[in-house]
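**Student:** Structure for this input, please:
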Amino acid sequence: MNKNAQPVANSKNSAKRTKQGITLSPNERISSELFEFWLDNLDSATQESFLVFAESNYSLIECYLYARFLGYQGAISSCDAWYTQNYPKPDHREVLLFEIQEMQEDIKKLRDDIEAGVVKRDSGVARIAAMQKELRSTISQVETFTSNKDKKGLLMAGADRAIREILSIFKDEPIEGPLQDASMSVWAKMQLSE
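**Tutor:** Next comes the predicted model:
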């Protein structure tokens, strides 16, 4: 037997090393129709509130968390399919990243023109300095945009989890109704804050 040869895995051994939670769970179909079905079963006031939120909000994560808060139990992929189909939004971060790439190419071209003697060195260096300043500003914008979006998403996820836990503790108690109303107010206030 060759010492360098890899042992062949038989089906018995490989099944033991596989996580059961991954292999035995059914595959959920990704479809906007699944999310639409959930949405259609909401009462009209809640449905209208959610639709207004989805239309005016740029964050899929916040939209998904709001749906979870309202009782949606499905995957984010179905929410994403529904959201992008019904409320397509421009991706400002992608635009900024494209601008950064274009600025870097412009700076490289200007450097090449200076080396080739097409542009005078002193005026070229001044233009490069101005372009690099603009580039750093755009990079800072992207980082701020991403950081703020991530922070708000994490805060909303934490709030969703805390509110769900509180509501499950007081389920079927006389305080459940007022607590549900209070949690809706807290959620609305959080999603409107920057």
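**Student:** name the element the residue nearest the centre of the chain belongs to?
**Tutor:** The chain has Ile61 as the residue nearest its centroid, 4.7 Å off, counting by Cα atoms, centre = their mean. Assessed by DSSP states H and E, Ile61 sits inside helix 60-69.
**Student:** what about that helix, distance to the chain center?
**Tutor:** Distance of helix 60-69 from the chain centroid (Cα atoms, centre = their mean, to the nearest Å) equals 10 Å.
**Student:** For the next helix or strand after it, which helices and strands make contact with it?
**Tutor:** Sequence-wise, the next helix or strand downstream of helix 60-69 (DSSP H and E) is helix 76-86. Judged by 3 or more Cβ pairs under 8 Å, 6 or more residues apart in numbering; DSSP states H and E, helix 76-86 is in contact with helix 32-40, helix 60-69. Glycine gets a C-beta too; all of them are placed from N, C-alpha and C.
**Student:** distance of the residue nearest to the centre of the chain from Ile139?
**Tutor:** 23 Å (Cβ to Cβ, to the nearest Å).
**Student:** returning to that earlier point: return the distance of the residue nearest to the centre of the chain relative to Lys151.
**Tutor:** For Ile61 relative to Lys151 (Cβ to Cβ), the value is 11 Å.
**Student:** same check, this time on Gln85
**Tutor:** Noted for Gln85: a distance of 28 Å to Lys151, by Cβ to Cβ.
**Student:** quick check: angle from the helix or strand hosting Glu48 to helix 76-86?
**Tutor:** Here Glu48 sits within helix 44-56, counting by DSSP H and E. Using axes from the mean of the first three to the mean of the last three Cα atoms, to 10 degrees, the inter-axis angle of helix 44-56 relative to helix 76-86 is 70 degrees.
**Student:** Dump helix 44-56 to CSV, restricted to CA.
**Tutor:** C-alpha atoms of helix 44-56 as CSV (Å, rounded to 0.1, in the frame of the first residue of the first chain):
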residue,chain,number,x,y,z
SER,A,44,-54.5,45.6,6.1
ALA,A,45,-53.1,48.2,8.5
THR,A,46,-50.0,46.2,9.2
GLN,A,47,-49.6,45.3,5.5
GLU,A,48,-49.8,49.0,4.5
SER,A,49,-47.4,50.0,7.2
PHE,A,50,-44.9,47.4,6.0
LEU,A,51,-45.3,48.4,2.3
VAL,A,52,-44.7,52.0,3.1
PHE,A,53,-41.6,51.1,5.1
ALA,A,54,-40.3,48.9,2.3
GLU,A,55,-40.9,51.6,-0.3
SER,A,56,-39.1,54.3,1.6
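**Student:** Domain map for this protein?
**Tutor:** 27-89, 91-194 (automatic domain parsing).
**Student:** what about the shortest one, distance to the chain center?
**Tutor:** Taking the mean of its C-alpha atoms, domain 27-89 sits 14 Å from the chain's own mean (Cα atoms, centre = their mean).
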